[in-house]
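Engineer: Model the structure of this input:
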Amino acid sequence: MAEQPGTLLFYLKRSTEFLEKKEIPNPRVDAEWILSDLLNLPRIKLYSQFEMPLSPKEIDLYRERIVERSKRKPVAYIIGKKGFHQFEYLVSEDVLIPRPETEELVDYLYKQKETLNQEFPGGFQIWDLCSGSGCIGLSLSQLLRPHHVVLSDISEKAIGTSKRNAEKYQLTDVSFYVSNLDESLPSDLQFEIIVSNPPYIPETEKKEIMPDVLEYEPHLALFVNDILEFHRALFLSAKQRLKPGGWFLMETHPGYIHELENLALSLGFVSSQRILDSSKKERFLFLKTESQFGS
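Structural biologist: Just a heads-up that it's a prediction; the model follows:
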């Protein structure tokens, strides 16, 4: 296909070359996502619109956004949204960008839907602890149809983002708390299921983190100074909020999951299971509390 100046293909190629020179991974894919968002076209539709001319305003906006990407700003922050499971959530630099591994966490519970209905025949409530954008809790609200979902995060700005995402999907069976773990939750509030993607990267591993993440994503949601002490507090908060026979499922650091499992069991959880992610890493920890009927 002949490449005409001023067309979609012309600027897509130039942007890809520019990002390549800046050593951005997957430059063509990033250039396509940014352009598809700008034009409000599905990415696959770009291929049938290569000869479409761009307006001066579209050209200027596209250049601005490509320059942002060249400075390692993540595409999700540039376009303000990220696909997750069957949904798409608003994101900003106040929240982590939802990861494929976290989609797997949601999908694991989704596939347990029948088991959940058997174990909790009267229905169940879910707590999304350290909720960030709300991608976990809001997805489970739509996939599992629980009685209610509570989302909590220590960051007021993160809770603001999750509220906007709930409004986007017109979800009314959810509530929100700005809270350090369970400190600000009503004292009598308990759950059948708690799900969490808490910060779990030790501060000592900062130097190993990609600049896209380190320079833009909120460190409060990523890093912990003492991984065992933080998780001790997290486990205690979760355990006292779980009903008998309740489930606690969390994403965590594969290098520490054995220590965290032992810690959780020492604090009174009665069963545990380490679950592999799609890369065959032990990424998820599934814990249960003692049933009211005993073992």
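Engineer: What ranges does the stretch 151-295 of the chain have for its helices?
Structural biologist: Taking DSSP state H, counting those that start in this stretch to define them, one finds helices in the stretch 151-295 of the chain at 156-168, 211-214, 227-241, 257-266.
Engineer: Got the phi and psi for Thr7?
Structural biologist: As for Thr7, its main-chain torsions (degrees, to the nearest 10) stand at phi -90, psi 170.
Engineer: Just give me the neighbour total for it.
Structural biologist: Residues contacting Thr7 under the criterion other Cβ atoms under 10 Å number 18. For glycine as for every other residue, the C-beta is placed from the backbone atoms N, C-alpha and C.
Engineer: Find me the pLDDT at the nearest residue to Pro53 once chain neighbours are set aside, would you?
Structural biologist: Distances taken as Cβ to Cβ, 6 or more residues apart in numbering put Gly6 closest to Pro53, at 5.2 Å, once the chain neighbours are dropped. Residue-level confidence at Gly6 comes out at 86, pLDDT.
Engineer: go on, Gln49?
Structural biologist: 89.
Engineer: Distance of the closest residue to it other than its chain neighbours relative to Pro42?
Structural biologist: Leaving aside its chain neighbours, Gln49 sits nearest to Leu8 (5.5 Å; criterion: Cβ to Cβ, 6+ apart). Plainly put, Leu8 is 14 Å away from Pro42 if you go by Cβ to Cβ, to the nearest Å.
Engineer: End to end on stretch 183-203, go ahead and measure it.
Structural biologist: Length of stretch 183-203, first residue to last, Cα to Cα, to the nearest Å: 24 Å.
Engineer: Average pLDDT for that stretch, rounded please.
Structural biologist: The pLDDT scores in stretch 183-203 average 97.
Engineer: who's the closest residue to Met250 other than its chain neighbours bridged to?
Structural biologist: Leaving aside its chain neighbours, Met250 sits nearest to Ser196 (4.4 Å; criterion: Cβ to Cβ, 6+ apart). With DSSP bridges as the criterion, Ser196 is bridged to Leu129, Met250.
Engineer: quick one: Ser196 and Gly137 touch, right?
Structural biologist: No. With contact defined as Cβ atoms under 8 Å, Ser196 does not count as touching Gly137 (10.0 Å).
Engineer: returning to that earlier point: wouldn't the residue nearest to Gln49 be in contact with Tyr47 here?
Structural biologist: No. Counting by Cβ under 8 Å, Leu8 sits too far from Tyr47 to count as a contact (9.7 Å).
Engineer: What ranges in the stretch 151-295 of the chain fall below the confidence cut-off?
Structural biologist: Scanning the stretch 151-295 of the chain with the threshold set as pLDDT under 70 gives 292-295.
Engineer: same thing but at 90, please
Structural biologist: 290-295 (pLDDT under 90).
Engineer: Show me the contact partners of stretch 177-185.
Structural biologist: Residues outside stretch 177-185 that contact it (Cβ atoms under 8 Å, 6 or more residues apart in numbering): 129, 150-156, 159, 233-234, 237-238, 240-241.
Engineer: buried ones in that stretch?
Structural biologist: Using 16 or more other Cβ atoms under 10 Å as the test for burial, stretch 177-185 gives Tyr177, Ser179, Leu181, Asp182, Leu185.
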